[in-house]
Structure formats: C-alpha cells, structure tokens
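Enquirer: Could you work out the structure for the sequence below:
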Amino acid sequence: MRLVTHGDSAPSSVNRYLLPHEHQVIMVRRHPAVLLRPVAEVFGGLVLAGLLSKWLGENQGSQALVIVWWAWLLLLIRFVWKVAEWSVDYFVVTSKRMLLTTGLITRRVAMMPLGKVTDMSFQRSLLGRLLGYGEFVLESAGQDQALSTVTYIPYPETLYLEVCQMLFPGSDDDD
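Expert: Numbering: from 1, shown residues only. Next comes the predicted model:
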C-alpha cells in the first residue's frame with residue numbers, strides 16, 4: 001500500500017493494460033479494510049462452529065458436527081478467495097488515464113481518460129477515517145464512464161491531491 005514512484009514498475013497483471021506511450025504515475029492496492037467483512041465472517045463462523053460442536057458433542061450429533069465444520073471450512077475458503085482477489089486489485093493512474101483492475105479469474109478493467117474527468121471528489125466514512133481509506137467519485141461530461149467510483153482507496157487525501165495536480169497542472173513559478 002504505497003504510492004509508486006517513476007522508477008517502479010507495475011506487476012504484470014497491471015502492466016499488460018498500459019499503453020506504450022503512457023507511464024505509470026500512481027499505483028495502489030485497495031485498502032485491506034475491504035477484507036473486514038470476510039474476516040468477521042470467518043471468526044464469527046469459527047465461534048459459532050465451536051459452540052455448536054460443544055452442544056452437538058454433548059448430544060451425540062456427530063453427523064451434524066461434520067456439517068458444521070464443513071460449513072466453516074467453506075467460509076474459510078471464501079476468505080482465502082477474497083484475499084487472493086484483493087491481492088490482484090489495483091488502482092492505477094498513468095500519464096493519460098485512470099484504471100481499476102479487479103478480479104482473479106474474470107478480469108475487469110475499468111478506465112477513464114484523465115482528459116474526460118470534469119469533477120473528482122472523495123468521501124470518507126467514520127470507519128474510513130479511523131482506518132485510513134476513502135472512496136473516489138469521478139464525474140465526466142456526457143455519458144456514463146466505466147470508472148465512476150473507486151472504493152477502499154488508501155491515502156485518499158494524498159492521492160486526491162496528486163491526481164488533482166495531474167488533472168489541473170499549474171505553473172512551476174516557485175522553482
């Protein structure tokens with residue numbers, strides 16, 4: 001979860017979507033808070049499976065016990081899947097456009113050219129402020145774009161300022 005400097009290169013899962021004439025400016029993975037719900041489900045399921053095991057074990061329900069633990073195993077597998085998906089999801093800003101790559105098996109790439117962005121804002125919930133993530137809302141003139149919101153963005157203030165600087169470059173009179 002860090003901003004990428006000009007010398008760093010994107011992983012191949014992202015690099016294949018970059019055009020030859022553009023260079024990557026910012027690349028971040030979504031904030032790990034996207035995994036809060038799956039983590040809560042796995043731990044809640046574990047507690048529930050433990051309690052049911054204790055209760056069913058006393059009542060000789062061995063077949064029901066097996067079903068309970070298989071159900072928890074499915075929750076665990078789902079959690080591992082969510083972590084794997086998170087590990088390949090990236091928000092990338094290049095010199096020409098913004099990309100959001102998602103999906104492990106079915107790959108989705110949403111894109112908006114920087115020149116089409118007419119308005120950009122970010123919002124943060126209370127939990128987002130506590131944990132350090134936000135949501136970008138992008139608007140463009142005319143039709144709907146494939147990329148309009150990007151959730152669970154880490155460092156939202158820093159990213160917002162960097163992207164705004166790219167969208168609205170100023171003169172470097174301070175040098």
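
Enquirer: Need phi/psi at the residue nearest to the spatial centre of the chain.
Expert: Taking C-alpha atoms, centre = their mean, the centroid of the chain lies closest to Arg30, which sits 2.9 Å from it. Backbone geometry at Arg30, expressed as degrees, to the nearest 10, gives phi -60, psi 150.

Enquirer: What confidence value was assigned to the nearest residue to it once chain neighbours are set aside?
Expert: Leaving aside its sequence neighbours, Arg30 sits nearest to Tyr152 (C-beta to C-beta, 6 or more residues apart in numbering; 4.2 Å). To be clear about C-beta, it is placed using only N, CA and C from the backbone, and glycine gets the same treatment. The model reports Tyr152 with a pLDDT of 94.

Enquirer: Surely Phe91 and Val25 touch.
Expert: No: Phe91 is not in contact with Val25 according to C-beta atoms under 8 Å; the separation is 11.6 Å.

Enquirer: what about these two, which has more around it?
Expert: More crowded of Phe91 and Val25, by other C-beta atoms under 10 Å: Phe91, with 24 against 20.

Enquirer: Enumerate the beta-bridge partners assigned to that one.
Expert: Counting by DSSP bridges, Phe91 forms beta bridges with Val28, Leu100.

Enquirer: Same question for stretch 15-31: list its buried residues.
Expert: Within stretch 15-31, the residues that qualify as buried by neighbour count (16 or more other C-beta atoms under 10 Å) are 17-18, 24-31.

Enquirer: Any chance of a markdown table for those, columns pLDDT and distance to Thr158?
Expert: As requested, these are arranged in a markdown table below (pLDDT from 0 to 100; distance: C-beta to C-beta, whole Å):
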| residue | pLDDT | distance to Thr158 |
| --- | --- | --- |
| Tyr17 | 83 | 23 |
| Leu18 | 83 | 22 |
| Gln24 | 80 | 16 |
| Val25 | 85 | 13 |
| Ile26 | 88 | 9 |
| Met27 | 89 | 13 |
| Val28 | 91 | 10 |
| Arg29 | 91 | 15 |
| Arg30 | 92 | 15 |
| His31 | 94 | 13 |
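
Enquirer: nearest to Leu99, of those?
Expert: Nearest to Leu99 among the buried residues of stretch 15-31 is Tyr17, at 6.0 Å by C-beta to C-beta.

Enquirer: three-state assignment of the closest one?
Expert: Secondary structure, DSSP: H, G, I helix; E, B strand; the rest coil: Tyr17 is coil.

Enquirer: now the strands: where do they sit in the chain?
Expert: Using DSSP state E, the strands assigned to the chain run over residues 24-29, 90-94, 97-102, 108-113, 117-123, 133-140, 149-154.
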